[in-house]
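**Q** The following comprises the amino acid sequence and a computationally predicted model.
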Amino acid sequence: MFDAEMPINLPAQYDASPKEQRLVEDRARLRAEFRKEYVKQITNPHRHGHGGYLFDPALQRWQSMRAQQYYYFKPNVKTGLWSAFIVFTCFAYGKLFGITRAAKEKEFRTGMVSYADREFKFA
């Protein structure tokens, strides 16, 4: 399992100033504290109120926002331009593939490319 009292062993950083080194160590210490609290809560046999999982309010807010975002959508210029760009791109790719396929089909039907030289054939 995971040891909550795990020491923080950071590699030596020679390209960082002492202030940056201190910030990295503080962040590692904070992560270790969060890890210790998480392990404490997840291994608590007397959890109650939320069933068999650890309730995370930030995750709940994020999931609720994702589920309800279409109800609160307000169209503006930026979203309109993005929609137009996506539709234009789809039509442009379709037209490009149609033109190239029509040119290949014309070469096949007029006999400019022999059956043996075609990339996709049935033999």
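**A** Here it is on my side, so go on.
**Q** Could you chop this structure up by domain?
**A** Per the record, the chain has its domains at 16-46, 74-111, by the TED database.
**Q** Let me have those domains in TSV, extended by mean neighbour count, distance to residue 56 and mean pLDDT.
**A** Backbone N, C-alpha and C define where each C-beta goes, glycine included. Formatted as TSV, these follow (neighbours: other Cβ atoms under 10 Å; distance: least, Cβ to Cβ, whole Å; pLDDT from 0 to 100):
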stretch	mean neighbour count	distance to residue 56	mean pLDDT
domain 16-46	11	10	88
domain 74-111	10	29	95
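**Q** ok now the longest helix along the chain, how far from the chain's centre?
**A** Longest helix in the chain by number of residues (criterion: DSSP state H): helix 77-110. Its chain's average C-alpha position is 27 Å from that of helix 77-110, according to Cα atoms, centre = their mean, to the nearest Å.
**Q** helices or strands up against that helix?
**A** Taking 3 or more Cβ pairs under 8 Å, 6 or more residues apart in numbering; DSSP states H and E as contact, there are no helices or strands that helix 77-110 lies on.
**Q** How much space separates residue 73 from residue 65?
**A** Going from residue 73 to residue 65 by Cβ to Cβ, to the nearest Å gives 12 Å.
**Q** How about residue 44?
**A** Using Cβ to Cβ, we find residue 44 at a distance of 28 Å from residue 65.
**Q** With residue 22 instead?
**A** Counting by Cβ to Cβ, the gap from residue 22 to residue 65 is 35 Å.
**Q** now do residue 14
**A** 42 Å.
**Q** more neighbours, these two?
**A** Ranked by neighbour count (other Cβ atoms under 10 Å), residue 14 and residue 65 place residue 65 first, with 10 against 6.
**Q** any idea which element the more buried one lies in?
**A** According to DSSP states H and E, residue 65 maps onto helix 57-68.
**Q** Check residue 16 too.
**A** Using DSSP H and E, residue 16 sits in no helix or strand.
**Q** Just the terminal-to-terminal distance for stretch 44-62.
**A** 25 Å (Cα to Cα, to the nearest Å).
**Q** Please compute how far that stretch lies from its chain's middle.
**A** Centroid displacement of stretch 44-62 relative to its chain, using Cα atoms, centre = their mean, is 24 Å.
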